[in-house]
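Peer 1: Got a predicted structure plus its sequence, pasted below:
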Amino acid sequence: MALSQDAVDQVALKAIVWLAGNDELLPVFMGSTGADEAAFREGVANPEFQASVLDFIMMDDAWVVAFCDTEGLPYDRLMQARGALPGGAQVHWT
């Protein structure tokens with residue numbers, strides 16, 4: 001089931017807020033992306049930045065579970081939202 005653009009935006013924004021409030025993961029994200037606080041704030045409305053946050057969270061199953069449990073979302077919702085953002089289309093190799 002494809003998510004509406006509104007649903008995608010909501011998931012992405014919730015992920016950004018969750019990451020911003022996570023004192024352990026936020027510095028890891030900032031260090032791995034090179035983003036500073038200003039870039040983080042400016043990126044909130046940027047679909048490419050939103051995609052990078054979802055990509056980061058999806059790097060670890062524990063992070064996915066923590067985020068989804070906090071937000072009351074099914075565990076596959078991040079992947080669904082990521083698929084609707086730039087660069088998220090699934091590649092079919094056949």
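Peer 2: Looks like it came in fine. Just so you know, these numbers come straight off a predicted model, no measurement behind them. Numbering: from 1, shown residues only.
Peer 1: Could you list every helix and strand in contact with the helix or strand bottoming out on mean pLDDT in the chain?
Peer 2: Taking mean pLDDT, DSSP states H and E as the measure, the chain has helix 37-43 as its least confident helix or strand, at a mean of 89. Here helix 37-43 is seen to pack against helix 47-57 when contacts are counted using 3 or more CB pairs under 8 Å, 6 or more residues apart in numbering; DSSP states H and E. Using the backbone N, CA and C atoms, a C-beta is placed for each residue, glycine as well.
Peer 1: quick one: contacts of the helix it packs on?
Peer 2: Helix 47-57 is touched from outside by 9, 11-13, 15-16, 18-19, 29, 32-33, 42-44, 63-64, 67, 78, 81-82, 85-88, with contacts defined as CB atoms under 8 Å, 6 or more residues apart in numbering.
Peer 1: Next, the buried residues of it.
Peer 2: Within helix 47-57, the residues that qualify as buried by neighbour count (16 or more other CB atoms under 10 Å) are 47, 49-54, 56-57.
Peer 1: repeat for stretch 61-80
Peer 2: 63-64, 67-68, 73, 77-78, 80.
Peer 1: what distance separates the start and the end of it?
Peer 2: The straight-line separation of the ends of stretch 61-80 (CA to CA, to the nearest Å) is 15 Å.
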